[in-house]
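>>> The sequence isn't on hand, but the structure is:
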């Protein structure tokens, strides 16, 4: 028999097994939902295909031939295993299991992934979340990730994007000690004369140019200063220590502004931009484990992060 069975081969094999198990064409036909005559034709076609008689039939009885016995003994366990494998596959569809690989910006993971972990681990014990925290913008598919959480402006066009939070804005901030010595900029372009704490996208050689909004358009200011980092919490801590002016997401400094440890600067030019999104490739059939993660993140309540 061919290694790969055609649909006709498989139907004939099922017919043979049903008759071999019941030794009765009527009962076997009822089990398969076909007429006895159709079942008889399938068995006869199977015998012709193999070139050997599998049953000895009389008007009163049906018995397996020696060749039929040997075939039945070998095929029955294999078909049973195949049925178990198909059942397990269906179970995977119904019960989330397996590994979900996620790429997330660090701040987004603190807001949207960490809060759901206890409940997710309890509700989906067979799902493993493999989370990579990285502020670099990577190709989700090429990197082998199932989903990513990042800001809206760096999402590939062919990805499905689910909004997770409100729009965000970045603020220039400085400590009172810094302002007492250097003064405050009156316009974003004045920043070129200040000591700024610069941030660099991971994997990129040039620090990020600070972005502001004026007269309906965004513009960039290339700043300078004593410190370049690729870790935003470190940049914030440096601003708190008076090393220079930082450029940070507003949500991360609310408490510091409220306490007076930081002073917001240039707010009229600080416009909002699309916030965090959960994105994943378009797919016809989504793995249950990935669907469970997406649903959990969307249902979770984000928390605001702060750096002490």
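All right, it came through fine. On a predicted model such as this, the values are computed, not experimentally measured, just so you know. Numbers count the residues shown, from 1 in each chain.
>>> Would you map the helices across this protein?
7-22, 25-32, 36-50, 66-94, 106-108, 117-123, 176-182, 232-240, 254-259, 288-299 (DSSP state H).
>>> The first one to helix 36-50, inter-axis angle?
Going by axes from the mean of the first three to the mean of the last three Cα atoms, to 10 degrees, helix 7-22 is angled at 110 degrees with respect to helix 36-50.
>>> Against residue 104, how distant is residue 229?
19 Å (Cβ to Cβ, to the nearest Å). Just so you know, the C-beta spots here come from the backbone N, C-alpha and C atoms, and that holds for glycine as well.
>>> so where's this protein uncertain?
1-8, 83-94, 301-308 (pLDDT under 70).
>>> just to revisit the earlier point, out of residue 229 and residue 104, which sits in the busier spot?
residue 104 (24 against 16; other Cβ atoms under 10 Å).
>>> hmm, back to that, list just the one of the helices of the chain that sits closest to residue 170.
Of all the helices of the chain, it is helix 232-240 that lies closest to residue 170, at 10.4 Å by Cβ to Cβ.
>>> Pull the residues that contact that closest one.
If you take Cβ atoms under 8 Å, 6 or more residues apart in numbering as the criterion, helix 232-240 is touched by 106-107, 135, 173-175, 178, 197-199, 227, 229, 244-249, 252-253, 256, 261-262, 307.
>>> same thing but at 10 Å, please
Here helix 232-240 makes contact (Cβ atoms under 10 Å, 6 or more residues apart in numbering) with 105-107, 110, 135, 172-175, 177-178, 196-200, 225-229, 231, 243-249, 252-253, 256, 261-262, 305-308.
>>> quick revisit: would you reformat the helices of the chain as a markdown table and include mean neighbour count?
Listed next are these as a markdown table, based on neighbours: other Cβ atoms under 10 Å:
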| stretch | mean neighbour count |
| --- | --- |
| helix 7-22 | 18 |
| helix 25-32 | 17 |
| helix 36-50 | 16 |
| helix 66-94 | 12 |
| helix 106-108 | 20 |
| helix 117-123 | 12 |
| helix 176-182 | 14 |
| helix 232-240 | 20 |
| helix 254-259 | 14 |
| helix 288-299 | 18 |
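>>> Now these in a markdown table, please, with extra columns for distance to residue 213.
Converted to a markdown table, the helices of the chain look like this (distance: least, Cβ to Cβ, whole Å):
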| stretch | distance to residue 213 |
| --- | --- |
| helix 7-22 | 62 |
| helix 25-32 | 70 |
| helix 36-50 | 73 |
| helix 66-94 | 47 |
| helix 106-108 | 21 |
| helix 117-123 | 36 |
| helix 176-182 | 23 |
| helix 232-240 | 21 |
| helix 254-259 | 20 |
| helix 288-299 | 29 |
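>>> looking at those, which is closest to residue 154?
Here helix 106-108 is closest among the helices of the chain (Cβ to Cβ), at 11.7 Å.
>>> The closest one packs against which elements?
For helix 106-108, the elements it packs on are strand 127-133, strand 147-151, helix 232-240, strand 276-281, judged by 3 or more Cβ pairs under 10 Å, 6 or more residues apart in numbering; DSSP states H and E.
>>> Please compute how far it lies from its chain's middle.
Helix 106-108 has its C-alpha centroid displaced from the chain centroid by 16 Å (Cα atoms, centre = their mean, to the nearest Å).
>>> what's the closest of the helices of the chain to residue 100?
It's helix 288-299; of the helices of the chain, that one is closest to residue 100 (Cβ to Cβ) at 5.0 Å.
>>> Would you mind listing the outside residues contacting that closest one?
With Cβ under 10 Å, 6+ apart, helix 288-299 has contacts from 91-102, 104, 108, 112-113, 115-117, 119-120, 123-124, 126-129, 146-147, 149, 160, 162-164, 278, 280, 283, 285-287.
>>> Now which of these would you call buried?
Applying 16 or more other Cβ atoms under 10 Å to the contacts of helix 288-299, the neighbour count classes 96-97, 100-102, 104, 108, 112-113, 115-116, 120, 124, 127, 129, 146-147, 149, 164, 278, 280, 287 as buried.
>>> Which residue comes closest to the most centrally placed residue in the chain once chain neighbours are left out?
The centroid of the chain falls nearest to residue 147 when counting by Cα atoms, centre = their mean (2.9 Å). Residue nearest to residue 147 in three dimensions, not counting chain neighbours: residue 280, with 4.1 Å by Cβ to Cβ, 6 or more residues apart in numbering.
>>> Okay, and the beta partners of the closest residue to residue 144 other than its chain neighbours?
Leaving aside its sequence neighbours, residue 144 sits nearest to residue 101 (Cβ to Cβ, 6+ apart; 6.2 Å). Taking DSSP bridges as the rule, residue 101 bridges to residue 130.
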